[in-house]
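Engineer: this is a predicted model, with the sequence first.
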Amino acid sequence: MSYDNNNWALWIKKWISINLLIIILVTSFSFFTIKAFRENFTDDYIVANYENIIYGSALVDSSLVKLDIVKHLQPNVIAIGSSRVMQFRKNYFYNQDFYTLGGLASSLDEARYVYNQIKAVYTPKVVILGVDLWWLNPKFQQSNRYNRLFNNRNYNRRYAKLFIEMKNNPKILQQLLNLSAINKQDSLGNRETVGLTAAVYSDGYRLSDGSYQYGRFITHPKPLMERFQYDHNRINDEIDINQMDNFLNLIREMRDNGTHVIVLLPPFPNEVYTQMYDSDKYHDFLLAFEENIQSICNNENVSFFDCSNLKWLGASDEETIDGFHGSELAYGRIINKMAEDKTLAPYINLSLLQEEINNPVSTIQMIPCSQ
Amino acid sequence: MLFNSFSFILCFLPITFVIFFILGRYAPNRYATLWLVIASFLFYGYWDIQYIPLLFISILFNYYMGKKLYNTHSKTWLSLGIIVNLSLLGYFKYMNFFLDNINTLAGKNLFDMPHVILPLGISFFTFTQIAYLIDTYRKEAIPNSFVVYAEFVTIFPHLIAGPIISYKDMLPQFINPKTFIPDYKNIGMGLSLFSMGLFKKVVIADSLSPVVEKVFTHTDKLTFLEAWIGAISYTFQLYFDFSGYSEMAIGLGLLFNLKLPVNFNSPYQATSIIDFWRRWHMTLGLWVKDYLYIPLGGNRHGEWNKMRNLLVSMFLIGLWHGAGWTFIIWGTLHGIFLMVNHQWRRLKIALPKFVNWSITFLCVTFAWVFFRAQSVHDAYQVIFCMLDITNFAIPDHGLAAKLFANTGIASIKWSIPSSLGTSLLELFILFAALLLLKNPIVLQKKIKPKYTWLLLTCILFLISMCYIGTFGTGEFLYFQF
């Protein structure tokens, strides 16, 4: 059977119509949902209104925008590290001259990337560098995360990613049936919510200082035992010598650039730390990690604060979010300890800090959410 | 601009297409041709505007050189034309490599590296234009207007990564009045081929990328299984990536009533290396045969010279792909394989087809390791791991760990992003598809304006669009060449 041009013309019309129709339908649904989920804000809007925003996206990594805010704000003191430096607050510092980039650096490579980005704009006077155990664990690689976070910064992808997240997390799909639970204002801190997680659970970055508000946890704290379930893969029995060199190079680069570096080993609850210390698997790694980092810091004349165990700070295990994350109060205690550092001390409002440590809102929060 | 980007598919292509045929209908044809040239320059400039003058000057030079050659038939002018083209390619593509090797040999920094950025598609447009000069010298190509020549070099479907086209084949299509009138059959075929190519690139090739990336960046920590999965994944990734690109290019050409040459014909079904090179990157193979192998003497002056010509041709094919020892080794290896293949044929020993296919596939896969590795050392490490059966280990978790528990087989922390079972299943499916299915160019003959094709191509297109939206636009592997 032969087909003439008319058959083909009709076929093409159908081909274009079907594809266009489906693309328009899917895109419209995606745009509507993204808007309803409060995930439609641009980076420019977020950076312009950062002071009163809590940012918790269910679709994209919310932490990267903090880098733009720091470049804009240029605070003298910054914290670089993983989620384990996210509980520092600006209220502990004079003129609130502080910002935490917690959540941006889950490896040495990421820490270097973050610092280099900032260095290109200005030189912070003090960097608190939170070094995690797994930074020196050769078997724990986060290269995929690095690529996802820094190399593919295209938030327009959220329109397509919505469908994957809906498939992976049925709660997101269910949220479509419960749009009334999506709040414009965060009920805890009274900030404007950006992102579904912030709008429903009040979980997200307080962009005024980069700290993280664990909204769900604040409203419904978990029992202590449930908090201490952590990822065993992050800890191993090897230390990577190359990573040691990388660590040394990083602190040298920061110092040579005119930044005073303070190395921090962020805290674990005493129960978790003791468990690792007593474990055949983790014991040697833990000690080697602490000794190696300390030795490098001593040789390089860099301030070093080993706060690996909350107990050493005079804190109880109640001052935790989970097995990996200390609370605001615990991090208040860390800053209090860091006041021993002569370069950092002039920036710390010590009297206010100590007053708040003595009179916290709870073991989780040192200051009210709205501050 | 990339074929697999929203900006190309939803914006550039429809606008270029509509304006081309409006001009074709309401204005003299040369305006439509000019529009296609302008659009192609925009397409090229979208990547980096600073190399547009280079492309333009190269076209201008070769156009006038072609006219000169046609009129004078002078070998001196031909030599000059080829030397200028090769110098341009040499400066942009091989300068760093050359100076770096001199520094290494000297054991000190005699030359600072100029850090030249390779203009996109320079290898392709240089070869296309050298062929044009030789064809005009041979009077096989008749120079036409500058705009038509510019169209020949720049038309966006082939500009960046081929297929390498020949002026004498394309000119009749460029000036044919029918080219400027929409042909619905061509458009339908073009859309179908484009959708299939897009699917091959975006869904299949890009999905293999994380595994390949992981294996070839951690070559010092591979086990036997990981090395094989990495090498075979790359073998498939490169094919689906490049053949997908070529099919998109051919499909795009058809939208504009231009029939570009076929570049792939199921190369992994080849039962010898000779057969492989008749199926893989066919337009490059043809170019090398016509403008290098035969001028060197081809197979005319005895077996020894034939072997020499084969080796030289393949060495240069390797060098053409990239300024690095890995590419040179890859090309030379294929040269040696071809020499062995030709000598084996003379023995007239028939082996079962499956044995022939297996040997061919293994040779090709091993050679691709050099092609992909970041250094010769890395390539050796991957190949060593592929040969070291004592380094056999399975993942320490998942189904494999359960199945082989208490068997004494070593277990390791699996470094490949997907599980062992998933990796093997994916490779098995792709193997089966490559061996059993016809490639889209062959399938093209069966495409009819029926619902089955409508549904199939729509599904392929829409899935690809979803992937682009979700995972972004991945570059084509052959863009680096």
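Structural biologist: Perfect, thanks for sending it. Small disclaimer: the values here were computed from a predicted structure and weren't measured.
Engineer: okay, now the domains of the chain?
Structural biologist: All of this refers to chain A. Following automatic domain parsing, one gets these domains for chain A: A:1-36, A:42-358.
Engineer: please refer instead to chain B.
Structural biologist: Using automatic domain parsing, the domain parsing of chain B gives B:6-182, B:186-480.
Engineer: endpoints of the first one, how far apart?
Structural biologist: Just to be clear, that refers to domain B:6-182. Start-to-end span of domain B:6-182 (CA to CA, to the nearest Å) is 24 Å.
Engineer: reformat the domains of chain B as TSV; add mean neighbour count.
Structural biologist: C-beta here means a position set from N, CA and C on the backbone, and glycine is covered the same way. Listed next are the domains of chain B as TSV, based on neighbours: other CB atoms under 10 Å in any protein chain shown:
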stretch	mean neighbour count
domain B:6-182	17
domain B:186-480	18
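Engineer: please enumerate the helices of the stretch 251-371 of chain A.
Structural biologist: Secondary structure of the stretch 251-371 of chain A by DSSP state H, counting those that start in this stretch: the helices cover A:270-278, A:283-299, A:328-338, A:350-358.
Engineer: quick one: which of the ones you listed is nearest chain B?
Structural biologist: helix A:283-299 (15.1 Å; CB to the nearest CB).
Engineer: mean pLDDT lowest for which of the domains of chain A?
Structural biologist: Mean pLDDT is lowest for domain A:42-358 out of those, coming in at a mean of 84.
Engineer: I'd say residue B:182 and residue B:21 touch.
Structural biologist: Yes - taking CB atoms under 8 Å as the definition, residue B:182 is a contact partner of residue B:21 at 5.3 Å.
Engineer: okay, buried residues for stretch A:182-193 please.
Structural biologist: Buried residues in stretch A:182-193, counted by 16 or more other CB atoms under 10 Å in any protein chain shown: A:186, A:188, A:189, A:191, A:192, A:193.
Engineer: of all those residues, which two lie farthest apart?
Structural biologist: Based on CB to CB, the longest span within the buried residues of stretch A:182-193 runs between A:188 and A:192 and measures 12.9 Å.
Engineer: where in the stretch 351-481 of chain B is pLDDT low?
Structural biologist: For the stretch 351-481 of chain B, the stretches with pLDDT under 70 are B:397-398, B:401, B:405, B:473-481.
Engineer: what residues does it put near chain A?
Structural biologist: The stretch 351-481 of chain B comes close to chain A at residues B:413, B:417, B:448-450, B:453-454, B:457-458, B:461-462, B:465-466, B:468-472, as judged by CB under 8 Å from any CB of the partner chain.
Engineer: gap between the residue in chain B positioned nearest to chain A and residue B:459?
Structural biologist: Using CB to the nearest CB, the single residue of chain B nearest to chain A is residue B:469, 3.0 Å away. Using CB to CB, to the nearest Å, residue B:469 is found at 16 Å from residue B:459.
Engineer: now residue B:251
Structural biologist: Distance of residue B:251 to residue B:459, computed by CB to CB: 16 Å.
Engineer: find the residue at the geometric middle of chain A.
Structural biologist: Central residue of chain A (CA atoms, centre = their mean): residue A:103, 2.1 Å from the mean position.
Engineer: next, the buried residues of stretch A:189-209.
Structural biologist: For stretch A:189-209, burial by neighbour count (16+ other CB under 10 Å) applies to A:189, A:191-209.
Engineer: over to stretch A:117-133?
Structural biologist: A:117, A:118, A:124, A:125, A:126, A:127, A:128, A:129, A:130, A:131, A:132, A:133.
Engineer: now, the most widely separated pair of those?
Structural biologist: For the buried residues of stretch A:117-133, the farthest-apart pair by CB to CB is A:125 and A:133; their separation is 27.8 Å.
Engineer: what's the closest non-adjacent residue to residue A:330?
Structural biologist: Leaving aside its sequence neighbours, residue A:330 sits nearest to residue A:319 (CB to CB, 6 or more residues apart in numbering or on different chains; 4.3 Å).
Engineer: so that neighbour sits right up against residue A:325, yeah?
Structural biologist: No - Residue A:319 lies out of contact with residue A:325 (CB under 8 Å); the separation is 10.3 Å.
Engineer: tell me if the top helix by length along chain A is near chain B.
Structural biologist: Counting residues, the longest helix found in chain A (DSSP state H) is helix A:5-36. Yes - with CB under 8 Å from any CB as the measure, helix A:5-36 is seen reaching chain B through A:5-12, A:14-15, A:18-19, A:22-23.
Engineer: next helix or strand past that helix?
Structural biologist: Downstream of helix A:5-36, the first helix or strand assigned by DSSP states H and E is helix A:43-48.
Engineer: how about that following helix, which residues are buried there?
Structural biologist: A:46, A:47.
Engineer: other SSEs contacting the helix or strand just after it?
Structural biologist: For helix A:43-48, the following helix or strand on the C-terminal side (DSSP H and E) is strand A:53-55. Here strand A:53-55 touches strand A:192-194, strand A:203-206, going by 3 or more CB pairs under 8 Å, 6 or more residues apart in numbering or on different chains; DSSP states H and E.
Engineer: now those strands in TSV, with distance to chain B?
Structural biologist: Formatted as TSV, the helices and strands packed on strand A:53-55 follow (distance: least, CB to the nearest CB, whole Å):
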stretch	distance to chain B
strand A:192-194	22
strand A:203-206	23
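Engineer: put together a markdown table for those, with distance to residue A:27 on each row.
Structural biologist: Output for the helices and strands packed on strand A:53-55, formatted as a markdown table (distance: least, CB to CB, whole Å):
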| stretch | distance to residue A:27 |
| --- | --- |
| strand A:192-194 | 22 |
| strand A:203-206 | 27 |
